[in-house]
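Novice: Here is my input, please return the structure:
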Amino acid sequence: QVQLQESGPGLVKPSQTLSLTCNVSGGGYYSYWSWIRQPPGKGLEWIGYISDSGTPYYSPSLKSRTSISRDTSKNQFTLQLSSATPEDTAVYYCAHAGNWYDPPDYWGQGTQVTVSS
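Specialist: Take a look at the predicted model:
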């Protein structure tokens with residue numbers, strides 16, 4: 001059983017960095033920790049993941065602005081999305097998968113982030 005919980009500011013100003021943290025309990029050695037978002041009225045968009053070995057992989061469309069890192073001592077992994085624009089407004093989810101090619105099997109409840117001045 002894996003439990004995930006997102007936390008972070010709900011409002012970010014344009015051009016600032018959007019930063020979120022996911023607190024994790026559970027998860028095995030072969031785990032991939034993802035960030036996924038859903039803009040209003042649109043489908044899910046995968047942002048990227050970090051493996052248990054610490055290797056990140058990002059969506060090509062967001063790669064230039066994205067950084068995913070983890071702190072194993074705190075059982076956390078984080079998302080940083082730089083140069084935020086209103087198009088980054090979305091519900092952001094952290095999620096777990098057993099392998100990079102598997103769909104997520106555990107999800108956080110999601111957190112709303114609005115980019116607005």
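
Novice: So which residue is dead centre in this structure?
Specialist: Trp35 (2.4 Å; Cα atoms, centre = their mean).

Novice: if I pick that residue, what's in contact with it?
Specialist: 20, 22, 46-49, 68, 79, 92-95 (Cβ atoms under 8 Å, 6 or more residues apart in numbering). Every C-beta, even on glycine, is put in place using the N, C-alpha and C of the backbone.

Novice: do the same with Pro104
Specialist: 34, 36, 95-97.

Novice: okay, the residues you listed in a markdown table with neighbour count and distance to Tyr106 next?
Specialist: Converted to a markdown table, these look like this (neighbours: other Cβ atoms under 10 Å; distance: Cβ to Cβ, whole Å):
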| residue | neighbour count | distance to Tyr106 |
| --- | --- | --- |
| Ser34 | 24 | 10 |
| Ile36 | 21 | 12 |
| Ala95 | 23 | 6 |
| His96 | 23 | 4 |
| Ala97 | 19 | 8 |
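
Novice: picking up where we left off before, by neighbours, which of the contacts of Trp35 wins?
Specialist: Cys94 (31 neighbours; other Cβ atoms under 10 Å).

Novice: Show me what that residue is bridged to.
Specialist: Trp35 (DSSP bridges).

Novice: Determine which residue of the protein is most distant from the centre point.
Specialist: Ser117 (22.6 Å).

Novice: Next, find the distance separating that residue from Pro40.
Specialist: Separation of Ser117 from Pro40 (Cβ to Cβ, to the nearest Å): 18 Å.

Novice: can you give me the strands in this structure?
Specialist: In the chain, the strands defined using DSSP state E lie at 3-7, 11-12, 18-25, 32-38, 45-51, 56-58, 66-71, 76-81, 90-97, 106-107, 111-115.

Novice: Mind putting those strands into CSV with mean pLDDT?
Specialist: As requested, those are exported to CSV (pLDDT from 0 to 100):
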stretch, mean pLDDT
strand 3-7, 96
strand 11-12, 98
strand 18-25, 96
strand 32-38, 96
strand 45-51, 95
strand 56-58, 96
strand 66-71, 95
strand 76-81, 96
strand 90-97, 96
strand 106-107, 96
strand 111-115, 98
